[in-house]
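Visitor: show me how the following folds:
(one chain, ligands or ions: 2)
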Amino acid sequence: MTEPDLKLGELNATPKWFRRVTIGLLVSLFLTVFFGAITTTIGAGMAFPDWPTSDGENMILYNWFSVFGEDKFWEHGHRLAATTTGILSIALVIGAWVTDRRRWIFGIAVAILLGVSFQGILGGFRVLENNVNWAIVHGSFAPLVASLIMIIVFVTGRRYRQTAVEQASNAKIGKNKLFAYLTAGSLYIQYILGCFLRHKGTAVHEHLGFAAISTVLVLITLFVAIRSNCRIIKGSGFHLFGVLLIQLLFGLGAWITRFSLPSVIDYVPVVESPEQVFMRTAHMIMGMLLFMSAVLHVVKVKRIDWLQKHIDATTPAGS
Ligand code: HEM
Ligand code: HEM
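Guide: Ligands and ions are numbered 1, 2, ... in the order given. Sure thing, here's the model as predicted:
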């Protein structure tokens, strides 16, 4: 791969088909996460005792619709979606190699393939070992893989190439970088604590405490983003804040439908009631989206910061 001289912000467009692979990968990832989340919510993690076979059958040939609506349907759907994600990750690496001239994009593609493969092996371990601790490790690793996929979708997009340059010259980065990192770090810890709460019912106080810390950090991130004088950073800060608000509501919903909240609402939780399945699943998925948004915020701030330092310079593509 050669790296031609390209002026900042004038990176050649990513070929349409490669862009479609990145978006297809993101969609497939969400399907995988959705099926995985339902699997956990309804306690179907051990619907099959084996892996990579499903009830002794080749996973691809297994008659998925014969178990429609049952526990096996969700767990097997998760496996099929994960397999699609794996295949698309291979296509991504090949695509990055033959099309994109930014070497680091190829690096991210390889990291995604390794991450998705590792994630799959962790899922397999959870089943073969019949051990919920592996489910926690599997659950905690997922947002890292998801964020890498989000990053590649972002950096191969038109916006990344074009908009940032005009925005960068007047931006005031200040503490934006620091708080972007702190928020992403705090949300990741919060995510792991959520995994403990979800799978083992432990770390309740820690999860609530970190929700407060994460909320304060997101608010500070929003505050410094508003003062950044940069539309991209500001927009990203508001986006993060909006997702946090929804997440807090779903957190409350997950709490009420799982543990009840007698002092506030007269409601008796019912295991696997539609509202409980919805709230618990939505809170998990929104937690992932929130973490992904925080990582994207880091990338955006870093991009603007980098552009500012290199403005008017001719550099290798997409450094
Ligand atoms: C792209 C690959 C994969 C991703 C991104 C992924 C992601 C996830 C996520 C987000 C959850 C929900 C965790 C939670 O709600 O706390 C989950 C659950 C689960 N995943 Fe995966 N997964 C992948 C591959 C696999 C594979 C190949 C298997 C093999 C069997 C697997 C088995 C499971 C099981 C059994 C659960 C339920 C765990 C439990 O609640 O006990 N996963 N996965
Ligand atoms: C910054 C805010 C929050 C974030 C990012 C967050 C994130 C998460 C995540 C990602 C999970 C599931 C992890 C997994 O297994 O994959 C979880 C579980 C949980 N969280 Fe939160 N959470 C937040 C705030 C809250 C709040 C304020 C409450 C309660 C009022 C709450 C209550 C719960 C409950 C009850 C569970 C377990 C749900 C279940 O059993 O399925 N969370 N949280």
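
Visitor: all the strands of this protein, residue numbers only.
Guide: Assigned by DSSP state E, the strands in the chain fall at 5-7, 314-316.

Visitor: lowest mean pLDDT across those strands, which one is that?
Guide: Mean pLDDT across the strands of the chain is lowest at strand 5-7; the value there is a mean of 41.

Visitor: quick one, grab the pLDDT at the residue in the stretch 101-250 of the chain positioned nearest to ligand 2.
Guide: Going by CB to the nearest ligand atom, ligand 2 is nearest to residue 194 of the stretch 101-250 of the chain, at 2.4 Å. From N, CA and C alone the C-beta is placed, and that goes for glycine too. According to the prediction, residue 194 has pLDDT 98.

Visitor: tally of neighbours for it?
Guide: Per other CB atoms under 10 Å, the neighbour tally for residue 194 reads 23.

Visitor: switch to numbering from 13
Guide: Got it, the first residue is 13 from now on, which makes the last one we talked about residue 206.

Visitor: hmm, it is touching residue 219, no?
Guide: Yes - under the criterion of CB atoms under 8 Å, residue 206 makes contact with residue 219 at 5.8 Å.

Visitor: any residues of this structure in contact with ligand 1? List them.
Guide: Contact residues, the chain versus ligand 1 (CB under 6 Å from any ligand atom): 44-45, 48-49, 51-52, 57, 63, 87, 90-91, 94, 97, 128, 131-132, 135-136, 138-139, 144, 147, 150-151, 154, 157, 207, 210, 296.

Visitor: keep only those of those residues that are in helices.
Guide: The helices, defined by DSSP state H, take in 44-45, 48-49, 51-52, 87, 90-91, 94, 97, 128, 131-132, 135-136, 138-139, 144, 147, 150-151, 154, 157, 207, 210, 296 from the residues of the chain next to ligand 1.

Visitor: shaky segments in the stretch 163-312 of the chain?
Guide: Filtered on pLDDT under 70, the stretch 163-312 of the chain yields the residue ranges 175-176.

Visitor: could I get the full set of helices for it?
Guide: Counting by DSSP state H, counting those that start in this stretch, the stretch 163-312 of the chain has helices at residues 170-180, 188-212, 216-238, 243-271, 286-322.

Visitor: just how off-centre is the first one within its chain?
Guide: Going back to what we said before, that points to helix 170-180. Its chain's average C-alpha position is 23 Å from that of helix 170-180, according to CA atoms, centre = their mean, to the nearest Å.
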